[in-house]
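Chemist: below are the sequence and a predicted model; questions follow.
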Amino acid sequence: MISFDQVTVGDHLPVLSTNKISRTTLALYAGASGDFNPIHIDIDFAKSAGLEDVFAHGMLSMAYLGRLLTNWVDQRSIENIDVRFTSITPVNAQIICTGSIQEKSIIDEQKIIKVQIEAQDANTGDTKISGFATINLTENY
Amino acid sequence: MLDIKDIGKSFKPVSAIVEKGRLISFARAIDEKNPIYIDELVAKQVNYSALPVPPTFLFCLKMDVPKPFENYQNIGVSLEKLLHANQSFTYFSPAEVGDELTFYSSVEDIYAKKGGALEFLIEKTKVKNQRGEHVADLKTTLVIRN
């Protein structure tokens, strides 16, 4: 895994590209996550709410951001993930997750890095989620 | 409509046991390829005693009740107007298959913007395991588009 000395501010994490979010993806995610809000799986409900179609769970794309991080560091190093959902993700979006190192600091002998993370829709280039993760690289797992 | 009198309100705690099958179907739903989250033997090789709960799955376990949106609906939230605006997780100790996690949620803040056209609800949740250890804190900001 990654060590503190190996990383430099400005470094990019390996990009995570996901498959297209199909209606099947949304059904699978609803079942697996327990988030059965019909706005994500029932087009009739979405239309009754004034929308043209269902849209993806924000937490699905946040789970992809989780994968971006855990592909790169051991999960036990992650201290915090804090994101903002900036726009809704339509069906058939394809999410690209990126991360870059913003800060590197040693606080009370703890080796901390702050990573900026983002999920974009590859079809439109729109940012869907942006935020930060704080990772403690003091211990090796 | 939300009412600021609900600031500070505590919701009934939710408990959930982390099940292997749930984690594997979650891994499938998010197209997880990392074997640590799918194969118990690999998880054990990196010193977990069972499959670990992935970073955002705590949010799902919190919804492991018959009516996960009932708490919000009871304080005036309509599902068709609801959007997730912000989410944070702060982690203190790992969770694995077999753990029983309890979620203690409360309303941290309620406020309106644009003359009430947008209402915000901030919910904070403390997660503890069966040993009383502090596993994580979650903070959820919901926006209601009136």
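Modeler: Perfect, I can see it now. Residues are numbered from 1 along each chain as shown, chains lettered A, B, ... in the order given.

Chemist: what about the longest strand in chain A?
Modeler: Ordering each strand of chain A by length in residues (DSSP state E) puts strand A:94-107 first.

Chemist: what does chain B give?
Modeler: Per DSSP E, chain B has its longest strand at strand B:100-113.

Chemist: where does B:S25 sit: helix, strand or coil?
Modeler: helix (DSSP: H, G, I helix; E, B strand; the rest coil).

Chemist: tell me the predicted confidence for it.
Modeler: pLDDT for B:S25: 97.

Chemist: separation between the spatially closest residue to A:S17 that is not a sequence neighbour and B:F120?
Modeler: Leaving aside its chain neighbours, A:S17 sits nearest to A:I96 (5.3 Å; criterion: C-beta to C-beta, 6 or more residues apart in numbering or on different chains). The way it works is simple: take the backbone N, C-alpha and C, and place the C-beta from them, glycine included. Noted for A:I96: a distance of 29 Å to B:F120, by C-beta to C-beta, to the nearest Å.

Chemist: kindly report the same for A:D35.
Modeler: 20 Å.

Chemist: which of the two has more neighbours?
Modeler: A:D35 (22 against 16; other C-beta atoms under 10 Å in any protein chain shown).

Chemist: list phi and psi for the more buried one.
Modeler: The phi/psi pair for A:D35 (degrees, to the nearest 10) reads phi -90, psi 90.

Chemist: how close does it get to chain B?
Modeler: Using C-beta to the nearest C-beta, to the nearest Å, A:D35 is found at 6 Å from chain B.

Chemist: next up, the contacts around the spatially most central residue of chain A.
Modeler: In chain A, the C-alpha nearest the mean C-alpha coordinate belongs to A:L65, at 2.2 Å (C-alpha atoms, centre = their mean). By C-beta atoms under 8 Å, 6 or more residues apart in numbering or on different chains, the residues touching A:L65 are A:81, A:83, A:97, A:117, A:119, A:129, A:131.

Chemist: where do the strands sit along the chain?
Modeler: With no chain named, the answer covers chain A. Under DSSP E, chain A gives strands at A:16-20, A:55-56, A:78-85, A:89-90, A:94-107, A:110-121, A:127-136.

Chemist: my question was about chain B
Modeler: B:14-17, B:82-91, B:100-113, B:118-128, B:134-145.

Chemist: low-scoring stretches of chain A, by residue?
Modeler: Residues of chain A meeting the criterion pLDDT under 70: none.

Chemist: buried set for the lowest-mean-pLDDT helix or strand in chain B?
Modeler: In chain B, the helix or strand scored least confidently by mean pLDDT, DSSP states H and E is helix B:70-74, which has a mean of 91. Neighbour counts using 16 or more other C-beta atoms under 10 Å in any protein chain shown place B:71-72 of helix B:70-74 among the buried residues.

Chemist: likewise for stretch A:5-19?
Modeler: Within stretch A:5-19, judged by 16+ other C-beta under 10 Å, the buried ones are A:7, A:13, A:16, A:18.

Chemist: filter the residues you listed by proximity to chain B?
Modeler: Among these, proximity to chain B is found for A:T18 (C-beta under 8 Å from any C-beta of the partner chain).

Chemist: any chance of the buried residues of stretch A:5-19 in a markdown table, with distance to A:N140 too?
Modeler: Putting the buried residues of stretch A:5-19 into a markdown table (distance: C-beta to C-beta, whole Å) gives the following:
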| residue | distance to A:N140 |
| --- | --- |
| A:V7 | 14 |
| A:L13 | 18 |
| A:L16 | 23 |
| A:T18 | 29 |
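
Chemist: which one of the buried residues of stretch A:5-19 is nearest chain B?
Modeler: Ranked by distance to chain B (C-beta to the nearest C-beta), the buried residues of stretch A:5-19 are led by A:T18 at 6.0 Å.
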